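Q: below are the sequence and a predicted model; questions follow.
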Amino acid sequence: MNLPKTVKGYCKKCKKHTEQKLKAFKPRKARAMSIGTRKNEAKHKSGYGGKAKLIKPVKKQNKKPVYTAECSVCKAKSYFVIPKRMKKTEIKQE
Ligand SMILES: [Zn+2]
């Protein structure tokens, strides 16, 4: 699927629809002291040997594509998620 470079979307900061630039989404590094990281660490350190019990995960074929939308007025960033699973998406190059 080809995506346009800019989309018109709602900006929470401006409180109205503005032109927004699409960029590739890059997840940040997980915080070391967050509750999720601490729980996961505890799971792997508990008991003898400290290995988490393996539960076979159900694997989906594709992911829902996520992009970062940057407001052209106030430069606030927000998620831009396409609510459908698909193999490949690209921002149109012109
Ligand atoms: Zn804005």
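A: It's in. Residues are numbered from 1 along each chain as shown.

Q: quick one: the helices in this structure?
A: Along the chain, counting by DSSP state H, helices occupy 35-45.

Q: show me what the strand ranked longest in the chain is packed up against.
A: The longest strand of the chain (DSSP state E) is strand 16-24. When contacts are defined as 3 or more C-beta pairs under 8 Å, 6 or more residues apart in numbering; DSSP states H and E, strand 16-24 packs onto strand 6-11, strand 66-71, strand 77-81. No exception for glycine: its C-beta is placed from N, CA and C like everyone else's.

Q: now that strand: buried residues?
A: 18, 20-22 (16 or more other C-beta atoms under 10 Å).

Q: and what of stretch 46-60?
A: So, applying 16+ other C-beta under 10 Å, stretch 46-60 has no buried residues.

Q: how about that stretch as PDB, C-alpha atoms only?
A: Only the C-alpha atoms of stretch 46-60 are listed here, as PDB (Å, rounded to 0.1, in the frame of the first residue of the first chain):
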ATOM      1  CA  SER A  46      12.500 -16.700  39.900                       C
ATOM      2  CA  GLY A  47      12.900 -20.400  40.900                       C
ATOM      3  CA  TYR A  48      15.700 -22.800  40.200                       C
ATOM      4  CA  GLY A  49      17.600 -21.900  37.100                       C
ATOM      5  CA  GLY A  50      15.400 -18.900  36.500                       C
ATOM      6  CA  LYS A  51      13.800 -19.700  33.200                       C
ATOM      7  CA  ALA A  52      10.400 -18.400  32.300                       C
ATOM      8  CA  LYS A  53       7.800 -21.000  31.500                       C
ATOM      9  CA  LEU A  54       7.200 -21.200  27.800                       C
ATOM     10  CA  ILE A  55       3.700 -20.600  26.600                       C
ATOM     11  CA  LYS A  56       3.400 -21.100  22.900                       C
ATOM     12  CA  PRO A  57       2.400 -17.800  21.400                       C
ATOM     13  CA  VAL A  58      -0.100 -17.500  18.500                       C
ATOM     14  CA  LYS A  59       1.800 -15.900  15.700                       C
ATOM     15  CA  LYS A  60       0.000 -13.400  13.400                       C
END
